[in-house]
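Undergrad: Could you work out the structure for the sequence below:
(chains A, B, C and D)
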Number of protein chains: 4
Amino acid sequence: MAHFTVKNRVEFHQTDLAGIVHFSEYFRYFESAEHAMFRSLGTSVHPHGVDSGWPRVSCSFDYHRPLRFEDEFEVRIEIKQIGNSSLTLACEIHLLTKDKSAQESLVAKGESTSVHCRKSPEGPMKKQPIPASLRTTLEELLANPPS
Amino acid sequence: MAHFTVKNRVEFHQTDLAGIVHFSEYFRYFESAEHAMFRSLGTSVHPHGVDSGWPRVSCSFDYHRPLRFEDEFEVRIEIKQIGNSSLTLACEIHLLTKDKSAQESLVAKGESTSVHCRKSPEGPMKKQPIPASLRTTLEELLANPPS
Amino acid sequence: MAHFTVKNRVEFHQTDLAGIVHFSEYFRYFESAEHAMFRSLGTSVHPHGVDSGWPRVSCSFDYHRPLRFEDEFEVRIEIKQIGNSSLTLACEIHLLTKDKSAQESLVAKGESTSVHCRKSPEGPMKKQPIPASLRTTLEELLANPPS
Amino acid sequence: MAHFTVKNRVEFHQTDLAGIVHFSEYFRYFESAEHAMFRSLGTSVHPHGVDSGWPRVSCSFDYHRPLRFEDEFEVRIEIKQIGNSSLTLACEIHLLTKDKSAQESLVAKGESTSVHCRKSPEGPMKKQPIPASLRTTLEELLANPPS
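TA: As a prediction, the model looks like this:
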């Protein structure tokens, strides 16, 4: 089950000497898909000129099989929980094999929690409730995942 | 409690538009310290000319406070478990404040499990027992952490 | 004039604390477009199971205006020279503004030279002539740029 | 001839599937050394709470031989020109071989020009003269390189 899905492809600089994608890159694939989900909802995690953001509180990945240079893969995001200020997402990364008869294969599973914050000038970031309109949009997506 | 400790400093490219270190960079700080620990034991995770490696099975971080450009920090690694093929490490990242009277502050806590593998030519990586001499070295470090 | 063009979008982790894309990321945008050009020609810079590659001999960028988070841009590649073993490409990066009436704007101009090499087992990379079929394909593209 | 020198070591994530350091990483090695030079002069390229910076105008590298995982290397910076607002630096990267009798080897040569800018709120960055005290410090270093 996924509330948002996006395709991507492995770039050369994301591989390491073991010939596979470095494990730290998966966190960027996840975030990139999360930001695309925000855009698909007509908003951005970081609107220009607005001093708010979504710093990460925790993030994890389990790795099941490697990705290699130029592999095409799908990032599937599931909304797990919409808190007062926080948003918890799960993520699955699946290899898109060229052999159409082959089953797609699970590459990695992750989870992330971010907190909506407002930045005061020179000061630290402070937790803020998720804006009402964004909350409504996220709750509608949670209730009605695309089929 | 730490079995290995190393200092590091935030580089410019590791920050993002929120003015803080991007969350994906912590996984590189962790790995960099892990590799320094291997070097301190007289070995390497990836000896030249040897087709073995330590692909990551899982990795996670909880974030407590941000790091900023040029902040100095300490990465502390604790050996949690030495399996037949796997190695589980915990990691704490602490800010080294310039104010000597201030307490060091916890920035992030992480955990990682890697598996020792051998790479067959053109084939997939296969789980291999941790080499006996490395196992001995790791177990000695586990039993006798530096004070 | 461009022999190959591809669109891209700025990711969050590519920005730095100045709020703009870090200058090192442009080299990755360039390379990513170069590899897409190879794919569009039915090949890859690094075919699986083949010990050849295209290590870079030189690379440069001049920066004209910044890119910011979520900016959409176009990478245009021009083939400058096809040597015996070497390939020299020029690159322009243009901002794709949302305001349709606005002119596209030049962000950066770069140039790169790579050399086709074969890797001997455990040994260094050695210069090799560009394979004949790839040479023919590149020369046809050079002679007949897409309009 | 070098006005500033710093040692570094290749990290795992900086390598790519060709088994060598990705060419884009050299720009980060260069910048990291430049920032260490600023710190050695008692300042920072990006002091906390000050809206100024040094956006890059141009940057280039020529590559002579590869760097591999865990290689130790030296980054040597030479001040080429101190303009009204701009600073041009040259950079050489040398491998530090473990064989003490071996000569150090040139890995790469680069050049970079940055411009001192002030950032207006929400507006673009504007060129600013290099602050007088920093100019004096840089000119002294240029006139009296460490031997």
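Undergrad: list the buried ones in the helix or strand A:Tyr26 falls within?
TA: Using DSSP states H and E, the element containing A:Tyr26 is helix A:25-40. Going by neighbour count (16 or more other Cβ atoms under 10 Å in any protein chain shown), the buried part of helix A:25-40 is A:25-38. Heads up, the C-betas are built off the backbone N, CA and C, glycines and all.
Undergrad: could you give the angle of that helix to helix B:25-40?
TA: On the basis of axes from the mean of the first three to the mean of the last three Cα atoms, to 10 degrees, helix A:25-40 is oriented at 180 degrees to helix B:25-40.
Undergrad: need the next SSE after helix A:25-40, C-terminal direction.
TA: Counting by DSSP H and E, what follows helix A:25-40 is strand A:52-53.
Undergrad: For that next one, which helices and strands make contact with it?
TA: In terms of contacts (3 or more Cβ pairs under 8 Å, 6 or more residues apart in numbering or on different chains; DSSP states H and E), strand A:52-53 is packed against strand A:117-119.
Undergrad: outside of the strand it packs on, which residues touch it?
TA: For strand A:117-119, the surrounding residues in contact (Cβ atoms under 8 Å, 6 or more residues apart in numbering or on different chains) are A:51-55, A:85, A:125-128, B:18.
Undergrad: nearest to chain D, of these?
TA: Nearest to chain D out of these is A:Asp51 (Cβ to the nearest Cβ; 10.7 Å).
Undergrad: give me the beta-bridge partners of A:Val21?
TA: Counting by DSSP bridges, A:Val21 forms beta bridges with A:Thr15.
Undergrad: Which neighbouring residues are in contact with it, exactly?
TA: Applying Cβ under 8 Å, 6+ apart, the residues near A:Val21 are A:10, A:14-15, A:66-68, A:71.
Undergrad: likewise A:Leu89?
TA: Contacts for A:Leu89 (Cβ under 8 Å, 6+ apart) come out as A:30, A:34, A:77-80, A:111-113.
Undergrad: Per-residue pLDDT of it, please?
TA: With respect to pLDDT, A:Leu89 scores 98.
Undergrad: Quick check: bridge partners of it?
TA: A:Ile79, A:Ser112.
Undergrad: Can you give me the distance of it to A:Thr113?
TA: Between A:Leu89 and A:Thr113 the computed distance is 8 Å (Cβ to Cβ, to the nearest Å).
Undergrad: Then A:Trp54?
TA: Relative to A:Thr113, A:Trp54 is positioned 10 Å away (Cβ to Cβ).
Undergrad: which of the two has more neighbours?
TA: Ranked by neighbour count (other Cβ atoms under 10 Å in any protein chain shown), A:Trp54 and A:Thr113 place A:Trp54 first, with 24 against 19.
Undergrad: Turn the contacts of strand A:117-119 into CSV, columns for distance to A:Thr5.
TA: Listed next are those as CSV, based on distance: Cβ to Cβ, whole Å:
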residue, distance to A:Thr5
A:Asp51, 31
A:Ser52, 26
A:Gly53, 25
A:Trp54, 20
A:Pro55, 25
A:Ser85, 26
A:Met125, 30
A:Lys126, 33
A:Lys127, 30
A:Gln128, 29
B:Ala18, 27
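Undergrad: are any of those residues buried, and which?
TA: The buried subset of the contacts of strand A:117-119 (16+ other Cβ under 10 Å) comprises A:52-55, A:85, A:125, B:18.
Undergrad: ok, which pair from those residues is furthest apart?
TA: A:Ser85 and B:Ala18 (15.9 Å; Cβ to Cβ).
Undergrad: if we can go back for a sec, list the residues that contact both of A:Trp54 and A:Thr113?
TA: Common contacts of A:Trp54 and A:Thr113 (Cβ under 8 Å, 6+ apart): A:Leu87.
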